[in-house]
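Novice: please work out how this folds:
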Amino acid sequence: CSTLLGTACSNRPGRSDRLPVSLPDLSRMDAPVQAQIRDQFASLTGKIEAASTPDAELSTSYGTMGMLLLAAEYHQAAEPCFLNAQALAPGDVRWPHYLGYLYKTTGDVEKSVKAFERVLEVKPDDLAALVWLGRLHLDRGEVEIAEPLFVRARALPTPAVAVLAGLGQVALARREFQQAVTYL
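Specialist: Reported below is the predicted structural model:
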C-alpha cells in the first residue's frame, strides 16, 4: 500500500475478502484535515500490512478511517471502510450503525434498512437503531412495520423524544388523532 493521494490500499496477504480502500481527492480540504485523514490512512495501511494485527484492532482502524471520511462527506470512500470493519468485528454494532447512517444520507433506503436490522440482530434493544429503522419505515409509508419498532423503543428504560414522535406519526398515519396528540 502507498499513502499517496488517491492510491488504493489492497488487502494484506491471506485477506482477499477485504475491500480495498483508497483516499479520495483531499485537495479542497483544509491542511489540518488533510493531515488527519492521511495520518489515519497511513496507520490503517500499516495495520493491514502487518499480518500480526488482531482483527479487533484492524476493525477499529478501518472504522476510524470510515468515520473520518464520512465526516468529510466522502461517502463512497467511507463505505468499504465500514464494510471491512463490520466483517472483522461482526458483533460490534458501531459499524452497521455507521453504514445505516451513510446509506440513509446517500438515499439508499434498502441498504440503510438492512444495516439497522443488522444492528438489531446483534443488539435487539438498541434505541438508536429502533428509532432510525422506525423512521425509515414511516418514511416509506410502512406504518405496520414502524409501529412495533417504536413500541419496543418506548419499553426501554431510557426512551427518547424521537420514540414518542414516531408513535405520534404512526397514530397520525392511522388517523387516530387523539392518540397522536397524546404522543406528540
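
Novice: residues in contact with residue 147?
Specialist: 134, 167, 170 (C-beta atoms under 8 Å, 6 or more residues apart in numbering). In this view, the C-beta of every residue, glycine as well, is placed from N, C-alpha and C.

Novice: biggest helix in this protein, by residue count?
Specialist: With secondary structure taken from DSSP state H, the chain has its longest helix at helix 31-49.

Novice: let's test this: mean pLDDT of whichever helix or strand comes after that helix, rounded?
Specialist: Per DSSP states H and E, helix 31-49 leads on to helix 55-71 as the next helix or strand towards the C-terminus. Helix 55-71 carries an average pLDDT of 96.

Novice: just checking, what packs against helix 55-71?
Specialist: helix 31-49, helix 75-88, helix 94-106 (3 or more C-beta pairs under 8 Å, 6 or more residues apart in numbering; DSSP states H and E).

Novice: need the pLDDT of the most centrally placed residue in the chain.
Specialist: Among the residues of the chain, the one closest to the centroid is residue 98, at 1.3 Å (C-alpha atoms, centre = their mean). In this model, residue 98 is scored at 97, pLDDT.

Novice: what about the nearest residue to it once chain neighbours are set aside, distance to residue 179?
Specialist: Nearest-residue entry for residue 98: residue 82, 5.0 Å, with adjacent residues in sequence omitted and distances by C-beta to C-beta, 6 or more residues apart in numbering. From residue 82 across to residue 179, the span is 38 Å (C-beta to C-beta, to the nearest Å).

Novice: higher neighbour count, the two?
Specialist: Set residue 82 next to residue 179 and count neighbours by other C-beta atoms under 10 Å: residue 82 wins out with 28 against 15.

Novice: so what's the more buried one up against?
Specialist: 62-63, 66, 70, 95, 98-99, 102.

Novice: of the helices and strands packed on helix 55-71, which is nearest residue 24?
Specialist: Nearest to residue 24, of all the helices and strands packed on helix 55-71, is helix 75-88, at 4.7 Å by C-beta to C-beta.

Novice: give me the mean pLDDT for the closest one.
Specialist: Helix 75-88 comes out at a mean pLDDT of 97.

Novice: just stretch 29-43 next, same as before
Specialist: pLDDT averaged over stretch 29-43 gives 94.
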